[in-house]
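In: Take a look and give me a structure for this.
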Amino acid sequence: MFRRSVTAPDGRRWKLGRRWMPRRRRLGRVDVGDGGGLDWMPDFSDDLGIFGAIILAIFVVIAAIFVALVLFNVIAIAIELLLVIVLFVFGVVSRVVFRRPWTVFAASKDQTITRSIVGWRASKREIEDLSARLQSGLEPAPGDRR
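Out: Predicted coordinates for the structure are as follows:
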């Protein structure tokens, strides 16, 4: 991400740059409940059931340790690498092939200016233009303001 920081003649500090993705809105919280308590547990009231439960618990602990130490790490790394590769390819394709615009921004404490610019070089020129206008004290050209 290309970022630049400039100071306007009135003393305001502006941060300029481009974003890959637009800002996300925060989602509300969801109450998931208690999951139904322990209604799923079998009844271990007989002697054979208790021995079976102990053997099952030992097996579950051994399986959990095996999964935690070996399989989980391998699967997690593979999923993370696959996710990074897919997101990178999707990002490059959407920006280059489909000409999805970059979001160029200039933000100070009390004001944010955003623009959608198609093309990497054009967005870099826009950032440089905004930087020069802000450093010279000129009001930025009309665009999206928040």
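In: what residue ranges in this structure are flagged as low confidence?
Out: Residue ranges of the chain with pLDDT under 70: 1-2, 22-26, 29-49, 141-146.
In: what ranges do the helices span in the protein?
Out: Along the chain, the stretches classed as helices by DSSP state H are 47-66, 72-92, 120-136.
In: Pairing-wise in the sheet, spell out the partners of I117.
Out: Applying DSSP bridges to I117 gives these bridge partners: W102.
In: Then R13?
Out: T7.
In: surely it meets A106?
Out: No. The criterion here is Cβ atoms under 8 Å, and R13 misses it with A106 at 10.8 Å. The C-beta positions use only the backbone N, C-alpha and C, and glycine is treated the same way.
In: So the two - more neighbours on which side?
Out: A106 (24 against 12; other Cβ atoms under 10 Å).
In: Which strand residues bridge the more buried one?
Out: Taking DSSP bridges as the rule, A106 bridges to L16, I113.
In: and it, what is it in contact with?
Out: Counting by Cβ atoms under 8 Å, 6 or more residues apart in numbering, A106 touches W14, K15, L16, T112, I113, L130, L134, P140.
In: Great, nothing more from me.
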